[in-house]
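S.K.: structure, please.
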Amino acid sequence: QVQLQESGPGLVKPSQTLSLTCTVSGGSITTNFYAWTWIRQPPGKGLEWMGVIAYDGSTSYSPSLKSRTSISRDTSKNQFSLQLSSVTPEDTAVYYCAGRRTDQRDYDSWGQGTQVTVSS
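M.R.: Numbering: from 1, shown residues only. This next block holds a predicted model:
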């Protein structure tokens, strides 16, 4: 059973960079044909797909966030990370990491989510 756990600061000041890490246990982030995703949910809104890093290290980002988003990984720690730059209060959300097979639409593993508030 793959388990994911988000970690990072719960409060970020405007214009700074939000950095979160997802630690994966029970499976490897380099397992063939798996993709590891960051998703967020602002208060009162739906889920927003932010970007993904695949088993081979390739990445893809939401067009609306691409200029501010970077996803990377540390295979030695079995972790993948999110950096979102130049944050504003509109980036306040619960941030989730999730994993799925690349040939499946549904995610088969989710982190519990972490609240990030952007405020001075």
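
S.K.: now stretch 97-115: average pLDDT?
M.R.: Summarised as a single mean, pLDDT over stretch 97-115 is 95.

S.K.: and it, how far out from the chain middle?
M.R.: Here stretch 97-115 is found 10 Å from its chain centre; the criterion is CA atoms, centre = their mean, to the nearest Å.

S.K.: list the buried ones in that stretch?
M.R.: Of the residues in stretch 97-115, 97-100, 107, 109-111, 113-114 count as buried by neighbour count, 16 or more other CB atoms under 10 Å. Where you see a C-beta, it was placed from the backbone N, CA and C, and this is true even at glycine.

S.K.: identify the bridge partners of residue 53.
M.R.: With DSSP bridges as the criterion, residue 53 is bridged to residue 36, residue 59.

S.K.: could you do residue 73 as well?
M.R.: residue 80.

S.K.: before we move on, the earlier item: closest one of the buried residues of stretch 97-115 to residue 35?
M.R.: residue 100 (6.0 Å; CB to CB).

S.K.: ok, now which ones touch residue 39?
M.R.: Going by CB atoms under 8 Å, 6 or more residues apart in numbering, residue 39 touches 47-50, 95-98.
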